[in-house]
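[1] One predicted model, sequence on top.
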Amino acid sequence: MDIHRLMIFCRVVELQSFTRAAETLGLTQPTVSEHIRSLEESLGEKLVDRLGREILPTPAGKVLYKYAREMIQLRDKAVQAIGKFKGDLSGSLHVGASTIPGAYILPGLVGTFKAGYPSIQITVKIGGTGEIVKKILDGRVEFGIIGARWEEKKIVLEEIYSDELVLVLYKGHPWQGRESVDIEELAGAPFVLREMSSGTRMVTMKALETAGFSPSLLNVVAEMGATEAVREAIKARIGISIISRYAVRDDIERGVLCTVPLKQICIRRPFYLAQRKNRELSPLCSAFLEHLKTEGE
């Protein structure tokens with residue numbers, strides 16, 4: 001069974017499109033279609049259903065996809081092991097991350113790691129915690145860094161980083177320059193929140209309640225679907241917010257935004273390294289994890 005043909009099949013399944021798969025692989029759409037047709041003929045099974053523009057795997061296709069991914073990963077491990085034996089690492093690595101670690105922690109660490117191994121390729125897939133866990137279980141990423149504990153017996157969690165959620169103000173806000181703000185002063189102040197399903201929002205609300213402040217007292221003037229949108233809303237003086245220190249670190253250094261401590265509360269949020277239990281890591285993945293643990297915070 002041709003490994004290159006299996007790689008094409010996996011890309012079609014993952015992107016649910018012959019056209020998009022062809023674009024990412026640098027092939028023509030008819031070439032991709034011919035590879036899938038040849039694979040179906042050799043196995044005597046239909047592997048994908050063409051539902052308009054969408055491509056979905058058949059039951060037989062789902063079975064093949066699982067084993068094809070394992071075969072490709074084994075091939076990659078072999079290539080990396082030989083590279084390591086020769087004193088060099090090569091190949092590609094796919095990892096997952098929730099928004100804050102994916103956007104603000106991993107990019108710098110990927111850069112410093114690649115400086116030592118310029119021939120490697122690392123792809124960071126950013127998504128919600130549940131989405132990243134599913135990718136780990138499916139084998140689409142070797143590990144993930146997530147912002148919430150996830151109860152799944154096949155997943156092993158290890159706290160690897162921590163974040164502080166801080167009260168962020170726009171430049172010129174009346175509270176700027178104060179030593180601290182009493183938590184009760186939040187009541188009535190124009191406030192910008194992340195969406196309901198956001199881990200940042202859930203951690204914030206729980207911390208406020210634990211400190212004796214009812215979140216219902218917040219004067220919520222806007223809800224945003226991304227941390228970047230919250231940052232921009234604060235800069236536009238729509239309101240203040242409690243968000244990740246990582247997310248506003250550069251803005252604070254440039255004086256665009258500022259933070260003021262809350263008197264009765266310090267909100268810390270752990271990030272977890274999530275891995276598939278009993279899964280053997282590739283040499284490249286093992287080296288990158290060691291780099292994350294030694295060169296991180």
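    Received the coordinates, thanks.

[2] And the helix ranked longest in the chain, what's buried?
    Scanning the chain for the helix with the most residues, using DSSP state H, yields helix 59-85. Burial within helix 59-85, assessed by neighbour count using 16 or more other Cβ atoms under 10 Å, is assigned to 61, 64-65, 68-69, 71-73, 76-77, 79-80, 83-84. Bear in mind the C-beta positions are built from the backbone N, C-alpha and C, glycine included.

[3] Averaged pLDDT, that helix. What do you get?
    Averaged over helix 59-85, pLDDT sits at 82.

[4] now do stretch 170-182
    94.

[5] Skip the chain neighbours and tell me the closest residue to the residue most central in space within the chain.
    For the chain, the residue nearest the mean C-alpha position is residue 97 (2.2 Å; Cα atoms, centre = their mean). Nearest residue to residue 97 in three dimensions, chain neighbours excluded: residue 145, at 4.7 Å (Cβ to Cβ, 6 or more residues apart in numbering).

[6] Relative to residue 132, how far out is that neighbour?
    Residue 145 is 8 Å from residue 132, where distance means Cβ to Cβ, to the nearest Å.

[7] same check, this time on residue 277
    16 Å.

[8] of these two, who's got more company?
    residue 132 (26 against 9; other Cβ atoms under 10 Å).

[9] Contacts for whichever strand or helix holds the more buried one next, please.
    Under the criterion of DSSP states H and E, residue 132 resides in helix 129-138. Here helix 129-138 makes contact (Cβ atoms under 8 Å, 6 or more residues apart in numbering) with 69, 96-98, 125, 127, 141-144, 146-148, 150, 152, 154-155, 199, 274-276.

[10] now do stretch 277-291
    Contacts of stretch 277-291 (Cβ under 8 Å, 6+ apart): 73, 76-77, 80-81, 83-84, 89-93, 95, 109, 112-113, 117, 120, 122, 142-143, 153-156, 273, 275.

[11] hmm, back to that, now, of the contacts of helix 129-138, which are buried?
    Counted by 16+ other Cβ under 10 Å, the contacts of helix 129-138 give 69, 96-98, 127, 141-144, 146-148, 152, 155, 199, 274-276 as buried.

[12] so where is the protein shaky, pLDDT-wise?
    83-88, 296-297 (pLDDT under 70).

[13] Quick one: the helices in it, in order.
    Using DSSP H, helices in the chain cover 3-15, 18-25, 29-43, 59-85, 99-100, 106-116, 129-138, 199-210, 227-235, 245-254, 283-295.

[14] could you check the angle helix 3-15 makes with the longest one?
    Looking back up the chat, that one is helix 59-85. Counting by axes from the mean of the first three to the mean of the last three Cα atoms, to 10 degrees, helix 59-85 lies at 120 degrees to helix 3-15.
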